[in-house]
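Colleague: I would like to see how this sequence folds:
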Amino acid sequence: MKKLLAVLLLFCAAAAWAEGTRTWQQSRFEEFQKGTAKGVAIESRGALVPAPAFPSISTTPSTYLWAVAADGDGNVYAAAGAPARVYRVGKDGRATVIFKPEELQVQALAMGAGGAIFAATSPDGKVYRITPAKDAKAAASKEESRGGEMPVDPAWTAAVYFEPRTKYIWDLALDKEGRLYVATGDRGEIFRVTAAGEGAPFFQSDEAHIRTLALDKSGNLIAGSDGNGLIYRISPAGEAFVLYSAPKKEITALAVDGDGNIYASGLGEKRAAPSVVSLPPATTFTATVTAPALQQPGAPPPPAIQPTVSAPPPATLTVAPTSASGGSEIYRIAADGSPRTIWSSREHLVYTLAQGADGRLLAGTGNQGRIFAIAADGSYADLVKASASQVTALAKAPGGGWYAATSNLGKIFRVATTGENEATFESDVFDARIFSRWGQLEARGTGAFAIHARSGNVDNPERNWSPWRKVDLERGGQVDAPPARFLQWKVALKAGATPARLESVTVNYRPKNVAPQVDDVAVQPGARFQAVPKPSTDSVPVNVGASSNTQPPQRFEAQVPAMRDKGSVAARWTARDENDDDLVFSLYFRGDGESRWKLLKDKISDKFYSWDASLLPDGGYTLKVVASDAPSNSAADALEDSRESTRFELDTTPPRIVGLSATRTAGGLRVTFRAEDSFSPVKRAEYSLDAGEWQLVEPVGGIADSVTESYEFTVPLPAGAAGEHVVAVRAYDRYDNLGAAKAVVP
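Modeller: Numbers count the residues shown, from 1 in each chain. From the prediction side, this is the model:
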């Protein structure tokens, strides 16, 4: 029966708490993936379930393991590079080297009849047959361990079985008749070698490389290429048919299920390859060859090679497994030949595929070392995570389960059919962004599970957080963690008649209310803001399917530009609230020499305001902005903050022209007047004779720096300029207010 614990949050708060109760919910794959799983798988539909046990059974000296196989007795064999080896790991976990080639990589393995092992090397590819020595005492002289290097086990011998005389061998496959298929590059050939060791070309493609092989139940060979991402079906007679041209350029792995469905993984964007491939600068190279240094998806050509290519190389040509442009995709080609994409990721690169016993497809990926279990409908689970960067090979284990080989580091793991003894999951650390009180926890799921919680005031839980305390789901689910800024929960999934499954966890909390903060206030006389239309709440987009967390999102506030307007005053301020409360603002002003603040405007929701400058008499002023979080809190809990602007001046009254007089003299017209302003100094004065151009005049004393300035000057008259004249004068104060007058001279 489903367990649903939903309880209202009750508080007896001694202090003010902001905007009521909020929730932190985790129920989606993306949210669970941020946590730490130990023996827990994360389903794409949003659930935590027990994962199969995933023990490490061997760590090899090699950096890369490219292939893995197992015999009926439970011995595991791994093909390695850097250094090139074939390792045998016995049932007791003891690892030995059974093959040490001269080549730089052992790229592929196949288990033959009678305990024989076929191993393919690169570059200058050869296929070796490795068998137990008939006479261990007469075997090649036993190598001694040098400098800690693992010696070759003399109980095994190796000989060249087939040499295709091509640069690279990428994969091997054995059919029911014991015939060995060899996928090669750089000519894109597949060879078939009989049980007697006689080999011949079987299929020639127009691709540069055949990357991976598989066999279907009818004995057809399935092959994937690099270059155009082609998937071929080739009959035992050698007749080929392209099943699918994938959107990706390189097919990295193939798997076939019992119903005849084919699964293929692809990576790399289809594009023209450069004629010369540059390798990462971190690796030092000492030799040069003239063939393409292609490797496993993201796999290295041997570390001592600097290649110059003559055929198009794959997009993943690098020294170590790494990211490929465009990510990875998995395709399902049904038995009737119809293809579709069932899984894709821009983050995880698929290196290997295998068909699981439960019908789901297993995909080994990098560069986070994860194995995904993918259903035919595209749903999937993040099954296990290796302590290595890439899962590069999978092989069926006798008695059930799988062996997984990894690179960076070269390890072998076992994917068991049963779960871990203890399956736990720790959520990511939740940041409430402010000191908060924790309420009750709601958990939805099935089976038996136990949840604990802890809190702290630093983002690292290992730095003096509270201890884990169990959340009693049967008694309301109260989180017994002290009020703090950060919170974390963990769950233990327990074995029982009903499989444990956790689908959702919701924590109720209430942040402590903190007063808003006004950071800056700027006032600009002679400017105004245009009215900005308020968006309708009906038009706010809704993210359907998003988490129902009630923690408010980050706010985005567009900057509204101010326009010049001599008769207006514009004010802008910045304010913030740690609770992300809605804020409302009030503006107050106070003139020079005044003691009381007067309200200018209240209930402002924007962080800007402009008003008519003539509403205030000329003079010096200070503006105060008061911010309140009342819209998000009760009247008793609302808090305020305020900040004053620097002093600013307003002057909307023009200077007055007093005592304007213009009289004739021998030199022209003698003009006198005074310019008087009630507040700011007179800045300049000008005159015009008979509607002529304006001419600047200086005050008596030569400097315009006073609220009253006197002017005396002579206006020359042109020769023969008899008759009536009009003299106009005007004066500007510091704020460009204009006063004017005229005099008529008979």
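Colleague: pLDDT weak spots in the stretch 551-700 of the chain?
Modeller: Flagging of the stretch 551-700 of the chain using pLDDT under 70 yields the residue ranges 551-558.
Colleague: domains of this structure?
Modeller: Following automatic domain parsing, the chain resolves into domains at 3-51+423-511, 56-415, 517-532+557-650, 656-745.
Colleague: Let me have those domains in a markdown table, adding mean neighbour count as columns.
Modeller: (C-beta placed from N, C-alpha, C; glycine too.) Conversion of the domains of the chain to a markdown table gives the following (neighbours: other C-beta atoms under 10 Å):
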| stretch | mean neighbour count |
| --- | --- |
| domain 3-51+423-511 | 18 |
| domain 56-415 | 19 |
| domain 517-532+557-650 | 16 |
| domain 656-745 | 16 |
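Colleague: Worst mean pLDDT among these?
Modeller: Among those, domain 56-415 carries the lowest mean pLDDT, a mean of 83.
Colleague: Settle this for me: residue 572 is touching residue 522, isn't it.
Modeller: Yes - Residue 572 is within contact range of residue 522, at 5.2 Å (criterion: C-beta atoms under 8 Å).
Colleague: check contacts around the residue nearest to residue 463 when sequence neighbours are not counted.
Modeller: The shortest distance from residue 463 to any non-neighbouring residue, by C-beta to C-beta, 6 or more residues apart in numbering, is to residue 456 (7.1 Å). For residue 456, the set of contacting residues under the criterion of C-beta atoms under 8 Å, 6 or more residues apart in numbering consists of 463-466, 484-486.
Colleague: Look up the residues forming beta bridges with residue 456.
Modeller: Each beta-bridge partner of residue 456 is listed here: residue 486, as defined by DSSP bridges.
Colleague: Same check on residue 525?
Modeller: In this structure, residue 525 has the following beta-bridge partners (DSSP bridges): residue 569.
Colleague: Please renumber the chain so that the first residue is 737 from this point on.
Modeller: Noted, 737 is the first residue going forward, which turns the last one into residue 1261.
Colleague: Now for it: which residues touch it?
Modeller: Per C-beta under 8 Å, 6+ apart, neighbours of residue 1261: 1305, 1349, 1384-1386, 1471.
Colleague: need the strands for the stretch 737-886 of the chain, in chain order.
Modeller: According to DSSP state E, counting those that start in this stretch, the stretch 737-886 of the chain carries its strands in the segments 739-740, 758-762, 772-774, 776-779, 783-786, 792-795, 800-806, 812-817, 821-825, 831-835, 841-847, 853-858, 863-868.
Colleague: Turn these into TSV, columns for distance to residue 998.
Modeller: Formatted as TSV, the strands of the stretch 737-886 of the chain follow (distance: least, C-beta to C-beta, whole Å):
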stretch	distance to residue 998
strand 739-740	41
strand 758-762	37
strand 772-774	31
strand 776-779	25
strand 783-786	28
strand 792-795	30
strand 800-806	20
strand 812-817	24
strand 821-825	29
strand 831-835	32
strand 841-847	20
strand 853-858	23
strand 863-868	25
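Colleague: quick one, which of those is nearest to residue 950?
Modeller: strand 841-847 (12.0 Å; C-beta to C-beta).
Colleague: by contact count, what packs against that closest one?
Modeller: If you count contacts as 3 or more C-beta pairs under 8 Å, 6 or more residues apart in numbering; DSSP states H and E, strand 841-847 packs onto strand 800-806, strand 812-817, strand 821-825, strand 853-858, strand 904-910.
Colleague: Out of the ones you listed, the one nearest residue 1237 is which?
Modeller: The stretch from the helices and strands packed on strand 841-847 with the least distance to residue 1237 (C-beta to C-beta) is strand 800-806; that distance is 31.4 Å.
Colleague: now the angle from that closest one to strand 853-858?
Modeller: Strand 800-806 and strand 853-858 meet at an angle of 160 degrees, taking axes from the mean of the first three to the mean of the last three C-alpha atoms, to 10 degrees as the criterion.
Colleague: what's the angle from strand 800-806 to strand 821-825?
Modeller: Using the same axes, to 10 degrees: strand 800-806 against strand 821-825 is 40 degrees.
Colleague: quick one: strand 800-806 to chain centroid distance?
Modeller: Strand 800-806 has its C-alpha centroid displaced from the chain centroid by 32 Å (C-alpha atoms, centre = their mean, to the nearest Å).
Colleague: next one: stretch 970-985
Modeller: Here stretch 970-985 is found 36 Å from its chain centre; the criterion is C-alpha atoms, centre = their mean.
Colleague: Mind listing residues that contact that stretch?
Modeller: Applying C-beta under 8 Å, 6+ apart, the set of residues contacting stretch 970-985 from outside is 911, 926, 938-939, 941, 955-959, 962-969, 998, 1000, 1002-1007, 1050-1051, 1062, 1064-1065, 1067, 1069, 1073, 1075, 1077.
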